[in-house]
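Engineer: 3D, please:
(2 chains)
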Amino acid sequence: MSTNNHLDYLDELEAEAIYILREVAGQFEKPALLFSGGKDSITLVRLAEKAFRPGKFPFPLVHIDTGHNFVETIDYRDRMIERLGEKLIIGHVQDSINEGKVVEQKGKNASRNALQTVTLLDTIAKHQFDACIGGARRDEEKARAKERIFSVRDEFGQWDPKRQRPELWNLYNGKIHKGENVRVFPISNWTELDVWNYIRREKIELPSIYFAHERDCITRNGQLMAASPFLNMDEEDVVERRNVRFRTVGDMTCTAAVESYAYHIDDIINEISESKISERGARMDDKVSEAAMEDRKKGGYF
Amino acid sequence: MDILKFITAGSVDDGKSTLIGRLLYDSEAILADQLEALHASNRKNDDGTIDLAILTDGLKAEREQGITIDVAYKYFNTDKRKFIIADAPGHIQYTRNMVTGASNAGLAIILIDARKGVIEQTIRHSFLVSLLGIPQVVVCVNKMDMLNYDEEAYNKIVGDYEALAKKVELSSVKFIPVSALKGDNIVYKSFNMPWYAGESLLTYLENVDIKVDVKASHARLPVQWVIRPQTDELHDYRGYAGRVASGTFRVNDQVTVLPSGFTSTISKIEQLDREPVEAITGMSVTIHLADDIDISRGDLLVSSAAQPQVAQLIEVDLCWMDTRPLDVTHTYLVQHNSKVTKCRISEVLYKVNINTLEKQYDEEFKLNDIGRIVIKTADPLAFDPYQLNKANGGAIIIDSRTNVTVGALMLRSAVD
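Structural biologist: Numbering: from 1, shown residues only, chains lettered A, B, ... in the order given. As a prediction, the model looks like this:
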């Protein structure tokens, strides 16, 4: 692992992430790990095992369930929780809809992705979480590139990019007032390729939708979407059987597939190394405006 | 493959964002959809080519004003190295952001506009690089295209900078003449400057030696978390979790716990399913000791053979980072490694005019002011002088009223 008394890049990234997770444990009363079923939060779970085993995690896992997830993701999540023996808390977007806190979007491109923010903030308030660990990375998007590792949110969950705390050396200031919370991003400095290389090295199992498979798809705004009961379809939408995989795992209505024959992790790493479309290019929710992510983060999005 | 973190320092129009954009663009680190967004943008250079600076401006206000406000982190890699760029704003108004970006950098690129030469901002940036103890410095003399790639003009700037480097005590300075706009000597060696015998910036970054001599620094590990499963089968398990800040710990090493001063020996080093015999700088591990002693978060494990200073009255360099000035009557918090304790300002020694390097003796530290003070802490800190050991010599000041990080401290020495 170490050569010439010097850490290899994956070891260094891993050690930094473990350090950050332990800071969360040490500094907060009621932290939580936000688990989406995607490869980044799966990586966080492995890092948490490295940080705290043989002890229990000092936080529960929290899944904000839009109700529009891929079945493969939910199946994976439940098996994982069973293996870990850790606590899972689920926040249902459907509950927020039933309570009248949010209104289901209408129209062809309707998605529950934006509604998640309300459910997330409610779940945080209900359980009084003071820190939420997330798998966001700075290479994903321009606004994220500026976000701190300990990112303080006000009592409305909002991120104010102009009032970020200075973050020096490896000293993370987690002091907050009641009602505020901190979003913590232990893998901020990882790129998509770093995550995949780590998953390969650690032999971490992933939900099957990350690998190439046959699926009914339709083409929307130039992107391949999985045909599902959650997608508002009309006679213009042509369902085709395609060989695809998913580069990110989100809501079925906003996560686009890519044509792929990558059946194994080595194929995926080759594919990404040569790829000419960055990961967030497959997320329709970012395409709305150049400042889409910045605006959503200011509103409390994770 | 290893990781090089570097910071770029330049003032508003030195072309810093263009230089980073050029590094990313020419090393093919920009992906198709980002490129598409770049081409679709209305911002263009005067000659109609795409404005590479857009790649680094992440916030709306930054795009609107065409300036960099906060530190943006950018990632790229070549076959030799993974690079993390902290793109920090150069304007004096954002000194604290530059200090933030500089705190973790292993190398600094200082940009000089060839038409202007060494100016006030160059002095400020170089002083900060020296204060923050960044080991390697590359001076890029930019916009050489606008001087027809004139060697004499370049040599004069090199001479001027060498004098400055001596004054601010920077060693290990490398000079490269470049044009970020045209791409000269950034990724590819320029044909326009045959008189320059050195390598391109990227080639230099790929090969510069950044190995810290881990044997030279003393073993330090701040305890972050105590792992105690308290289950039947692991009833007596007690592991001290933390990341090695400096040096190397080995099984059977004698260690001292500070500030209590208890000693013991390392019985085991753990990493989930592995038990390495040594833990080197940067490794996150769990340490087991032979004796049952009281250790908790905030304690520091050190090599018994080479112990740090333990003190409550400490002389420090301070960079003030808050809009509200330093209040010498207020009790602040200081965070050093995993330890947080109260602190007061016991004496203000001086401030430094960071544009001229002159000492000033007015008392008030305002936003972005830098100088030297003496602090008194409620609990003792176990520290090494920052200039000898960054990992155990940096601390932050937190204002307990707002919870905001208001100051950066570089600890120097205990005061008798």
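
Engineer: At which residues are the helices of chain B located?
Structural biologist: For chain B, helices defined by DSSP state H occupy the ranges B:16-26, B:32-40, B:60-65, B:95-102, B:120-131, B:151-167, B:201-207.

Engineer: Residue A:117 belongs to a strand?
Structural biologist: No - Residue A:117: not assigned to a strand; according to DSSP: H, G, I helix; E, B strand; the rest coil it is helix.

Engineer: so how far is the helix or strand containing residue A:126 from its chain's centroid?
Structural biologist: Using DSSP states H and E, residue A:126 sits in helix A:116-127. On the basis of CA atoms, centre = their mean, to the nearest Å, helix A:116-127 sits 16 Å off its chain's mean C-alpha point.

Engineer: Report the buried residues of it.
Structural biologist: A:116, A:117, A:118, A:119, A:120, A:121, A:122, A:123, A:124 (16 or more other CB atoms under 10 Å in any protein chain shown). Where you see a C-beta, it was placed from the backbone N, CA and C, and this is true even at glycine.

Engineer: How about residue A:257, nearest residue that isn't a chain neighbour?
Structural biologist: With CB to CB, 6 or more residues apart in numbering or on different chains as the criterion, residue A:257 has its nearest non-adjacent residue at 3.8 Å, and that residue is residue A:244.

Engineer: tell me the average confidence for the helix or strand encompassing that neighbour?
Structural biologist: In the assignment (DSSP H and E), residue A:244 maps to strand A:240-246. Averaged across strand A:240-246, pLDDT comes to 93.

Engineer: any chance you could map the helices in chain A?
Structural biologist: Shown for chain A, the helices assigned by DSSP H span residues A:9-27, A:39-52, A:71-84, A:93-98, A:116-127, A:192-202, A:265-274, A:292-298.

Engineer: TSV for the ones you listed, including mean pLDDT?
Structural biologist: Formatted as TSV, the helices of chain A follow (pLDDT from 0 to 100):
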stretch	mean pLDDT
helix A:9-27	97
helix A:39-52	97
helix A:71-84	94
helix A:93-98	85
helix A:116-127	89
helix A:192-202	94
helix A:265-274	86
helix A:292-298	60
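
Engineer: Chain B is nearest to which of those helices?
Structural biologist: helix A:9-27 (3.9 Å; CB to the nearest CB).

Engineer: and the angle from the closest one to helix A:39-52?
Structural biologist: Here helix A:9-27 runs at an angle of 70 degrees relative to helix A:39-52 (axes from the mean of the first three to the mean of the last three CA atoms, to 10 degrees).

Engineer: what's helix A:9-27 packed up against?
Structural biologist: Contacts defined by 3 or more CB pairs under 8 Å, 6 or more residues apart in numbering or on different chains; DSSP states H and E place helix A:9-27 against helix A:39-52, strand A:131-133, helix A:192-202, strand B:2-9, strand B:225-227, strand B:239-243, strand B:284-289.

Engineer: Turn those into CSV, including mean neighbour count and distance to residue B:155.
Structural biologist: Formatted as CSV, these follow (neighbours: other CB atoms under 10 Å in any protein chain shown; distance: least, CB to CB, whole Å):
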stretch, mean neighbour count, distance to residue B:155
helix A:39-52, 23, 50
strand A:131-133, 25, 53
helix A:192-202, 19, 41
strand B:2-9, 23, 22
strand B:225-227, 21, 55
strand B:239-243, 25, 45
strand B:284-289, 23, 47
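
Engineer: Among the ones you listed, which comes closest to residue B:170?
Structural biologist: With CB to CB as the criterion, residue B:170 lies closest to strand B:2-9 of these, at 12.3 Å.

Engineer: Mind giving me the packing neighbours of that closest one?
Structural biologist: Packed next to strand B:2-9, using 3+ CB pairs under 8 Å, 6+ apart, are helix A:9-27, helix B:16-26, strand B:81-87, helix B:95-102, strand B:107-113, helix B:120-131.

Engineer: what do you get if the cut-off is 7 Å, keeping everything else the same?
Structural biologist: Contacts defined by 3 or more CB pairs under 7 Å, 6 or more residues apart in numbering or on different chains; DSSP states H and E place strand B:2-9 against helix A:9-27, helix B:16-26, strand B:81-87, helix B:95-102, strand B:107-113.

Engineer: how about these in a markdown table, adding mean neighbour count and distance to residue B:332?
Structural biologist: A markdown table is the format used below for those (neighbours: other CB under 10 Å; distance: least, CB to CB, whole Å):
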| stretch | mean neighbour count | distance to residue B:332 |
| --- | --- | --- |
| helix A:9-27 | 24 | 17 |
| helix B:16-26 | 24 | 33 |
| strand B:81-87 | 23 | 26 |
| helix B:95-102 | 25 | 16 |
| strand B:107-113 | 25 | 29 |
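
Engineer: Of all these, which one comes closest to residue B:244?
Structural biologist: Residue B:244 sits nearest to helix A:9-27 of all the helices and strands packed on strand B:2-9, at 8.6 Å, using CB to CB.

Engineer: List of residues touching that closest one?
Structural biologist: By CB atoms under 7 Å, 6 or more residues apart in numbering or on different chains, the surrounding residues in contact with helix A:9-27 are A:1-2, A:7, A:31, A:47-48, A:50-51, A:58, A:131, A:133, A:149, A:170, A:172, A:174, A:184, A:186-187, A:189-190, A:194, A:197-198, A:201, B:1-3, B:82, B:224-225, B:241, B:243, B:282-284, B:297, B:338.
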